[in-house]
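[1] Could you work out the structure for the sequence below:
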Amino acid sequence: MSTRTWEGLTVPAPGTYALDVAHTRIGFVVKHMMVSKVRGNFTAFSGSVTIAENPLESSAELTIKTESIDTHAPDRDNHLRSDDFLSAEKFPEITFKSTRVVSHSGDEFKVVGDLTIRDVTKEIELDVEYGGAGTNPWGQALWGFSISTEFDREEFGLTWNQALETGGVLVGKKVKIEIEGEANPAA
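    Numbering: from 1, shown residues only. Take a look at the predicted model:
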């Protein structure tokens, strides 16, 4: 992979790059019982980033298999796959497609795009931190990134909840997404 300097950053050459599934984690955090956080991730996904000549015109897309949700608790995972939450049989994929880069400062970018969960599409904004580009010991080019965002799950039809005797609810409304990853030139 050739790189170039753009606004003080070493960035990949224009082209399409595939997410390296072995070196990418798509995680989430949700409040539980109003007092703690449950963390999980999705284990099956694919995606790509197309770096434009002007990096601010780049685009990205991601497809996540909903059945691959993993919180390390099989009963909870099955509930999350059910119609109460993701309805994985009816809606086997969660998708994201960027629409524009709205700003950047150094290695931090704001990317807006359409997130679709359960056939509900809403625009969300991602905070993207570009991690740099390099070559691994086997000669494969790569570049890294960290992404975070937060959204209200109820806006996507994920409205199941249970009131607590002590007040509040079992599952928080806000979902925080945390993605760490690498991308390689697409084959």
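[2] hang on, R100 packs against V112?
    Yes. Using C-beta atoms under 8 Å, R100 is in contact with V112, at 5.4 Å. All C-beta spots, glycine's among them, are computed from the backbone N, C-alpha and C.
[3] Burial check on L142, number of neighbours?
    By the criterion of other C-beta atoms under 10 Å, L142 has 20 neighbours.
[4] Would you mind giving the secondary structure of it?
    strand (DSSP: H, G, I helix; E, B strand; the rest coil).
[5] List the contacts of the host helix or strand of K31.
    Element membership of K31, judged by DSSP states H and E, is strand 25-32. Contact with strand 25-32 is made by 37-42, 45, 62, 64, 153, 170-172, 174-181, as judged by C-beta atoms under 8 Å, 6 or more residues apart in numbering.
[6] Buried residues, it. List them.
    Under the neighbour-count criterion of 16 or more other C-beta atoms under 10 Å, strand 25-32 has I26, F28, V29, V30, K31 buried.
[7] any idea how far D84 is from the last one?
    The gap separating K31 from D84 is 17 Å, by C-beta to C-beta, to the nearest Å.
[8] And the buried residues of strand 25-32, which is closest to W6?
    Of all those, W6 sits closest to I26, with 26.7 Å by C-beta to C-beta.
[9] Now that closest one: closest residue in space, sequence neighbours ignored.
    Among residues not flanking I26 along the chain, F42 sits closest, at 4.7 Å (C-beta to C-beta, 6 or more residues apart in numbering).
[10] Give me the buried positions along the one helix or strand H79 maps to.
    Taking DSSP H and E as the criterion, H79 maps to helix 74-81. Within helix 74-81, the residues scored as buried using 16+ other C-beta under 10 Å are R76, D77, L80, R81.
[11] okay if I get these as TSV plus distance to F145 and pLDDT?
    What follows is those, written out as TSV (distance: C-beta to C-beta, whole Å; pLDDT from 0 to 100):
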residue	distance to F145	pLDDT
R76	29	85
D77	27	92
L80	26	88
R81	28	93
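[12] nearest to L142, of the residues you listed?
    Distance to L142, by C-beta to C-beta, is smallest for D77 among the buried residues of helix 74-81, at 30.5 Å.
[13] OK, contacts around the closest one?
    By C-beta under 8 Å, 6+ apart, D77 lies in contact with G40, I69, D70, T71.
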